[in-house]
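**Q** heads up, no residue letters with this:
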């Protein structure tokens, strides 16, 4: 008897950076396995809702259904200065009743739920409606290993992690240096620490973990996650390295002032500067970055946003209203826009990052080291100047520089101190001009080949996704 195909429900966290890999995953299920896919959008304000709809219309190509869940107001539930590590879990808990109501009315109902580590409260809905449940955190395997091991560290380590004299050890994996600690681990008395420990515990309630990486990129970590004598005995769930899952670039003949300018530049001659969809810099750091780019005498594209009093984690997900309330680029140094007319292009609107990175004129990327940006850089063969701001970005920057060799790192952490113009100038020229930059470019091209091979038919990620699809189909027959 022929059975119907699985119907996959995707429930990402709010924010463009979380949504984009879920769109990519949905495309893979729809195109490679002919599954029905529904993506449930969680929005915190009208602006984020509008941005999400714009991106989906550009990238989904009508391959799956989209359900917009009601906006969630958590202002009465959290402190106004609450960090992302607090806000995200609260938002995802509060959205569960609306998610349940939506699932209950669907015909046919989804048979699979895939959500992030802070979305696991929705597992109650999955269990009620006999859906298999998976976790797809949009980060690398090294951070997942830390996440599942944190409940054990919580019992074993005395005092604050930041006061430890030795790096935190994760069995079978690279240790975590104190200066690279993931934000929720910086203060064990903070609510975001409790939320993170809870996430590590609940991750093991899933039927499996999808990781946006590939076997050959993090072999040691994946081996530890599966080893019954190491992390496998903690996780006790199958791990599926399905990455790199990114949205592919659209038609490269894109028009508009930005791409018209790019088309006039030489190959590998432009530095792309962007810190993701959610991050902002302080006024002082914005000023130093502007001067650093100017002093480097290299061509650049800078996706700039109005500076805020709060930067990094605290400014994340608070919208872009600040840009609309400023004179156009009036927050940049006096005379900057006129001085860089022939060498720089400054933009504040949302633009498809993967389209920019796909352009042959791009030669380097000043990035906050978000995992989406890292994967896009690898797939396009673009070296990174690591500028980590918050969350897991310090860990990622260390991995990119010390393990992968595809990036250069700043002498100071931007999350701790303002990076000066001379430092920015030197690092830009190191990638774009100095001989050392050639070796870094060769290394990122090796990683690019590895990533492409993993996703091709017969590759490690292709096989992992096929294995996952079979598990979805087997669940439907139970």
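**A** Perfect, I can see it now. Only a predicted model underlies this, so the values are computations on that prediction, with no experimental measurement involved.
**Q** how about the helix or strand where residue 199 lies: buried residues?
**A** Take DSSP states H and E as the rule and residue 199 turns out to sit in helix 191-202. The neighbour-count check on helix 191-202 (16 or more other CB atoms under 10 Å) flags 191-200, 202 as buried. In short, each C-beta sits where N, CA and C put it, glycine included.
**Q** Next: stretch 146-156.
**A** Neighbour counts using 16+ other CB under 10 Å place 146-151, 153-154 of stretch 146-156 among the buried residues.
**Q** The helix holding residue 199: what's the following helix or strand?
**A** Sequence order places strand 209-211 as the next helix or strand after helix 191-202, per DSSP H and E.
**Q** Give me the below-cutoff pLDDT ranges for the protein.
**A** For the chain, the stretches flagged by pLDDT under 70 are 1-3, 45-55, 57-60, 249-255, 278, 309-327.
**Q** Can you check which helix is longest in it?
**A** helix 436-455 (DSSP state H).
**Q** just to revisit the earlier point, the helix holding residue 199 packs against which elements?
**A** If you count contacts as 3 or more CB pairs under 8 Å, 6 or more residues apart in numbering; DSSP states H and E, helix 191-202 packs onto helix 84-94, helix 141-156.
**Q** Let me know which of the ones you listed is the nearest to residue 225.
**A** helix 141-156 (6.2 Å; CB to CB).
**Q** Outside of the helix holding residue 199 itself, list whatever touches it.
**A** With contacts defined as CB atoms under 8 Å, 6 or more residues apart in numbering, helix 191-202 is touched by 82-86, 89, 117-118, 120, 123, 147-151, 154, 182-185, 187.
**Q** what's the domain layout of the protein?
**A** Domain ranges of the chain: 7-247+457-476, 257-452, per automatic domain parsing.
**Q** Can you show me the strands along this protein?
**A** Secondary structure of the chain (DSSP state E): strands at 7-11, 36-41, 65-68, 112-115, 132-135, 209-211, 239-241, 270-274, 299-303, 344-347, 362-367, 384-386, 407-409.
**Q** a markdown table please, covering those strands and showing distance to residue 457 and mean neighbour count.
**A** Formatted as a markdown table, the entries for the strands of the chain read as follows, by distance: least, CB to CB, whole Å; neighbours: other CB atoms under 10 Å:
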| stretch | distance to residue 457 | mean neighbour count |
| --- | --- | --- |
| strand 7-11 | 21 | 25 |
| strand 36-41 | 21 | 22 |
| strand 65-68 | 27 | 16 |
| strand 112-115 | 23 | 27 |
| strand 132-135 | 23 | 23 |
| strand 209-211 | 19 | 26 |
| strand 239-241 | 16 | 22 |
| strand 270-274 | 31 | 24 |
| strand 299-303 | 35 | 22 |
| strand 344-347 | 38 | 19 |
| strand 362-367 | 29 | 25 |
| strand 384-386 | 29 | 25 |
| strand 407-409 | 30 | 23 |
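**Q** Could you dump the ones you listed into CSV with distance to residue 101 added?
**A** Output for the strands of the chain, formatted as CSV (distance: least, CB to CB, whole Å):
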stretch, distance to residue 101
strand 7-11, 13
strand 36-41, 11
strand 65-68, 11
strand 112-115, 15
strand 132-135, 18
strand 209-211, 26
strand 239-241, 30
strand 270-274, 37
strand 299-303, 37
strand 344-347, 40
strand 362-367, 39
strand 384-386, 43
strand 407-409, 45
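**Q** Figure out which of the ones you listed is closest to residue 418.
**A** Relative to residue 418, the nearest member of the strands of the chain by CB to CB is strand 362-367, separated by 15.0 Å.
**Q** so what does that closest one touch, helix or strand wise?
**A** Using 3+ CB pairs under 8 Å, 6+ apart, strand 362-367 sits against strand 270-274, helix 371-380, strand 384-386, helix 421-432.
**Q** Please produce TSV containing those, extended by distance to residue 339.
**A** Converted to TSV, the helices and strands packed on strand 362-367 look like this (distance: least, CB to CB, whole Å):
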stretch	distance to residue 339
strand 270-274	16
helix 371-380	28
strand 384-386	22
helix 421-432	14
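**Q** Which of those sits closest to residue 167?
**A** Among the helices and strands packed on strand 362-367, strand 384-386 comes nearest to residue 167, with 19.0 Å by CB to CB.
**Q** now for that closest one, which elements pack on it?
**A** strand 362-367, strand 407-409, helix 421-432.
**Q** rewinding a little: JSON lines for the helices and strands packed on helix 191-202, including distance to residue 357?
**A** Formatted as JSON lines, these follow (distance: least, CB to CB, whole Å):
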{"stretch": "helix 84-94", "distance to residue 357": "25"}
{"stretch": "helix 141-156", "distance to residue 357": "23"}
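**Q** Out of those, which gets nearest to residue 236?
**A** That would be, of the helices and strands packed on helix 191-202 and by CB to CB, helix 141-156, which comes in at 9.6 Å.
**Q** tilt between the closest one and helix 191-202?
**A** Calculated by axes from the mean of the first three to the mean of the last three CA atoms, to 10 degrees, helix 141-156 forms an angle of 100 degrees with helix 191-202.
**Q** Give me the distance from helix 141-156 to the chain's centre.
**A** For helix 141-156, the separation from the chain centroid amounts to 19 Å (computed by CA atoms, centre = their mean, to the nearest Å).
**Q** just checking, what packs against that helix?
**A** Here helix 141-156 touches helix 191-202, strand 209-211, helix 219-226, helix 232-235, helix 393-398, going by 3+ CB pairs under 8 Å, 6+ apart.
**Q** Among the buried residues of helix 191-202, find me the one that's closest to residue 334.
**A** Using CB to CB, these come closest to residue 334 at residue 192, 39.0 Å.
**Q** Tell me who's in contact with the nearest residue to the closest one once chain neighbours are set aside.
**A** What sits nearest to residue 192 in space, not counting adjacent residues and going by CB to CB, 6 or more residues apart in numbering, is residue 85, at 3.1 Å. For residue 85, the contact set (CB under 8 Å, 6+ apart) comprises 183-184, 190, 192-193, 195-196, 313, 391.
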